[in-house]
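Chemist: when you get a sec, could you give me coordinates for this:
(chains A and B)
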Protein chains: 2
Amino acid sequence: MAVANSGNPPSRISEISKRLPRSLPHTTMAGQISEKREAVDLSHHLSDFAKTLETRLSFGGPPLQPGTISMDGGVPDTEYFPIESITVEYLKPAAFSLTPTEVVPSAPGVLGWLANVLTGKKATDEFTISRRLRSDDESKFELKTALQYSPITGLPAFENILSQLVTRVHKPAYSNYRTLVDVGASAGWSSCLEILLNPGDSFLTDRYAYNAALMQARPRGVQAVAVGTDFDGLSAVDLERVLSTWDEVKQGKRPRVIYTQGGIHNPTGLLIPAQRKKDIYDVAVRYDLIIVEDDPYWYQVASHSYRRGAPTPEPKSITDDEWLDDLVPSFLRFDYQGRVIRLDTFSKSIGPGGRLGYYTTSPVLLERLQALHQAYISFPSGVTQSIFGELLHRWQTQGFARWLRGLTAQYELRRNRTIDALYDALDVRQRDQWSPVLMAFARNNGQMSEKFKPAKSLMSFTPPDGGMFIWFAIHLHNHPRFHSLSRQTSPAAAKTALAEELWTSIADAGVVFRRGELFAVESAEVRAEQGEEDVFMRASFSSGPLEDLEKAMKIFSTVLVKFFE
Amino acid sequence: MAVANSGNPPSRISEISKRLPRSLPHTTMAGQISEKREAVDLSHHLSDFAKTLETRLSFGGPPLQPGTISMDGGVPDTEYFPIESITVEYLKPAAFSLTPTEVVPSAPGVLGWLANVLTGKKATDEFTISRRLRSDDESKFELKTALQYSPITGLPAFENILSQLVTRVHKPAYSNYRTLVDVGASAGWSSCLEILLNPGDSFLTDRYAYNAALMQARPRGVQAVAVGTDFDGLSAVDLERVLSTWDEVKQGKRPRVIYTQGGIHNPTGLLIPAQRKKDIYDVAVRYDLIIVEDDPYWYQVASHSYRRGAPTPEPKSITDDEWLDDLVPSFLRFDYQGRVIRLDTFSKSIGPGGRLGYYTTSPVLLERLQALHQAYISFPSGVTQSIFGELLHRWQTQGFARWLRGLTAQYELRRNRTIDALYDALDVRQRDQWSPVLMAFARNNGQMSEKFKPAKSLMSFTPPDGGMFIWFAIHLHNHPRFHSLSRQTSPAAAKTALAEELWTSIADAGVVFRRGELFAVESAEVRAEQGEEDVFMRASFSSGPLEDLEKAMKIFSTVLVKFFE
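Modeler: Reported below is the predicted structural model:
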């Protein structure tokens, strides 16, 4: 059996990079428009609920004249807040190496403290948010506003930071984009469901999609419709097929919304390259779709595709600014009409406990999201906004980029070591020389020379482009009991039963994966009819010591081999 | 005209106190039950939406065995959070006097700092929340959990604090009550609407109710139904009338939910005494209603009713513990069946910018609120939970009580001075010796001796029992143009036009009130048919210097007198 050179798949990222122009002038990418134009009117996409949401009268109506005494709101005096100041000790942007050989090896708190005290090389810095800004204050935030009711749009200083970030990083192709703070991307998607879709409507998404996103849609009576995917994520061709063959008599109203994760996809770990995003966007324009782009892992793109034997992340010799420019562009970059709602979050860059994120979209859509917030969450914690905001202010965009690069190197190392451990425990081979897919076989088993029959693969996976997850396709059709079970019940039922048995065996052996079934848009029966052979499991390599990840892969491999015997 | 002694109304609070037993043994208040029982099953109250909400599979299903490696969630390693520590400088519980003569006179920050540095009498204290707790740490919170994904129920240490607080302060009459964190009481009410009511349903509330609560219900297709009120708030008798005469053929389904604010009501400023709460609760049991008790001002009960010439709050000689026990009880105290959903918030006790509050209710209702949070907001900011939580932990319940008492004295002083300023600018008289209502007339005008006709009142109001608001009833039926305008259009239209004219005149003179219309459940026409003569405006005395409040009352009085000429 021919095996490609050194058993390593071709580098996905470098291929993608070739297709990714360094700069994407909207003059060419956005349909020969020489200057950025304003968004088109997409108000016909609003749900019935969105149309009835009231815009709250601002405090007292028209802006107050200077000197006016407002007895309008029910607002405590800012002197009644019991907190005088909040002092935050934070890591410097370069805290994490770009060429780590270990994940942060022990508490950086302890290391940082030791470094600060013993070596004089300060790993941390600090800022103080006081009750009120003084004229000599470097800070942008003050508790008198952070602890007070604020506009639905959040603290103005935080809004400024977001606006600068979007302009610098995502460069939307239209002129009047705006941001709005929310309490994280999950809540953001729920809000999108509320303002865009009526019960009975449906939306398009990857065949396997983020499980929480599906879970949020179901109780709202909104159906997900699967679009096929390949190594470049959501297929523009299949999207076109689904839309062009849609039969409203049989299938109900044609979907008007796409939900996808274009940076690094959850659960597959793959990204949508620039050209594919443009193709999807063009279909969206033709069929008048809204694209909801949920992109928590946008920056976590590994510097290189996984290569056996090159476990240490090798950073490109580029500046942090160039690194930012080099990231796969957001759908926003192609959005010359304002039909993208981008969901950003600080959960994967600062901390999920902050429950802080933001939308970027065109004014009409954003205004309705704002009205929804007025009728529900109001605004995200001003305490979090001020602490995260001041951190971003102190770091500046370039420092934030360096911080994200350091985190990305950590995740890349984790990915590499996790896959290395699979190579150590199983016989891992590239499927063929044109494919990034790695096939895993039992070691010293199924050698053609021994039993004169080809080895049967146990599972396969595509090394993720970055992010936190490996998406294992378990080859249950190769399981010795599959065919008899299939005949007794059905192929779908047989796979479901075997998958559950395997998941439980892995858990009993001390490793918990997430069942792929949770991410499936279609039922097991539909997938079986479409000829899908594999059953999926998602493994997260995002936390814990490297040794645990390696041990987990060893356990998984052992259980897998035994399970297929 | 007979005027009562010194022109002062009878003390509402002392009257109420008489009716308020010091302890409310559930043995007598909750229907002769000798021991607290568990809540009854109220799942038939859940909305269709609530029934379809999924309970998210917890991370990996069954609890993990010790030593299990979880590759299930998409959770960043806690070492990847850039914040090492958060140090908070906070006011001590007794920072504000119980007998203030001025509202916090200048920045307590500056004062606190001066006191700390110069006098050695420390007004502030501080705590540090570190990345992880050390064994010698006094703190209850650590950033490793505060910045991480947490259970929907929030940080366990915060949940403990809430549970202790409810048990100590509100003493529910059933045994298995639970709390759940949310992002403030407004969001809490929205969630209650979602899990309890279907579009087309209705809920019962005070004739004039918190405007945001009404605004949140409307786009959800849920109608508010007005219940009459008196000086003791929502009328149990009128509640009984509305329910017993409800005609489902004409009026649609009978309401199953009451929304009210029982501590201090917004906008009226009045509280519902213990006996009235019990009466309402009994009606709720009879008609199988859920009571949603939104109670942001529960602790802001003035130590005394307003009395002209006694502007300084006079604290009762009781301990802070006794003060807590002396507060008007929550509906929870009478809730032996678990049919109350109480909404608490830290907006008026620590700071609204934290967006932090909690529900207290029975397990079935709470579980569905939790499922809704899973499908939407997840959990409130862990940063806020840890900072507010640590503050509450350092203060302890007794310190928190003292802090609230200090704030209450500030609000009481504000109330007193605001009403004093009206006495100074207008001729204010008690309506009659049995009534707490104060009537305001123009000074030196309408003396019977001059024109041989009785003076016409300009407006009236009931001095609030506490809280932040005065609810002015403007006597537009006494306005010289009212009758001609009424004949040309209608009484309702005449009042609406005059009210708008007056509101604008007051705003033009530099004072902004909130239009009473925003709080009205019924239309102006319905209210006119029911013989309502007044038009209302709400004035908040919650913030700004006392001089501003006094100046505002003077301006208001001047405009009012001129307007009625």
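Chemist: would you agree A:Val428 is in contact with A:Ala442?
Modeler: No. Using Cβ atoms under 8 Å as the test, A:Val428 is too far from A:Ala442 to be in contact (11.0 Å). (Each C-beta comes from the backbone N, C-alpha and C, glycine too.)
Chemist: in its sheet, what does the lengthiest strand in chain A sit against?
Modeler: In chain A, assigned by DSSP state E, the strand with the most residues is strand A:83-91. If you go by DSSP bridges, strand A:83-91 pairs up with strand A:124-130 (antiparallel), strand B:83-91 (antiparallel).
Chemist: what angle do helix B:382-425 and the lengthiest helix in chain A make with each other?
Modeler: What stands out as the longest helix in chain A, according to DSSP state H, is helix A:382-425. Counting by axes from the mean of the first three to the mean of the last three Cα atoms, to 10 degrees, helix A:382-425 points 170 degrees away from the direction of helix B:382-425.
Chemist: where does the stretch 1-150 of chain A have low pLDDT?
Modeler: The model of the stretch 1-150 of chain A has pLDDT under 70 over residues A:1-34, A:56-63, A:105-122.
Chemist: same question for chain A.
Modeler: In chain A, residues with pLDDT under 70: A:1-34, A:56-63, A:105-122, A:311, A:445-454.
Chemist: before we move on, back to that, for the strands paired with strand A:83-91, which one sits closest to A:Thr205?
Modeler: strand B:83-91 (34.2 Å; Cβ to Cβ).
Chemist: now the closest one: buried residues?
Modeler: B:Ile83, B:Glu84, B:Ser85, B:Ile86, B:Thr87, B:Val88, B:Glu89, B:Tyr90, B:Leu91 (16 or more other Cβ atoms under 10 Å in any protein chain shown).
Chemist: and what of stretch A:472-482?
Modeler: Quick answer for stretch A:472-482 (16+ other Cβ under 10 Å): A:Phe472, A:Ala473, A:Ile474, A:His475, A:Leu476, A:His477, A:Asn478, A:His479, A:Phe482.
Chemist: would it count as contacting chain B?
Modeler: No. With Cβ under 8 Å from any Cβ of the partner chain as the criterion, chain B is not reached by stretch A:472-482; the gap is at least 10.3 Å.
Chemist: how far away is the residue nearest to A:Tyr80 when sequence neighbours are not counted from B:Arg132?
Modeler: Leaving aside its chain neighbours, A:Tyr80 sits nearest to B:Leu407 (5.8 Å; criterion: Cβ to Cβ, 6 or more residues apart in numbering or on different chains). B:Leu407 is 34 Å from B:Arg132, where distance means Cβ to Cβ, to the nearest Å.
Chemist: neighbour count: the two, which is higher?
Modeler: B:Leu407 (21 against 13; other Cβ atoms under 10 Å in any protein chain shown).
Chemist: give the contact list for the more buried one.
Modeler: B:Leu407 is in contact with A:Tyr80, B:Phe96, B:Tyr299, B:Gln300, B:Ser349, counting by Cβ atoms under 8 Å, 6 or more residues apart in numbering or on different chains.
Chemist: packing partners for the helix or strand hosting A:Leu372?
Modeler: Assigned by DSSP states H and E, A:Leu372 belongs to helix A:363-374. Using 3 or more Cβ pairs under 8 Å, 6 or more residues apart in numbering or on different chains; DSSP states H and E, the elements in contact with helix A:363-374 are helix A:48-52, strand A:178-182, helix A:185-196, strand A:357-361.
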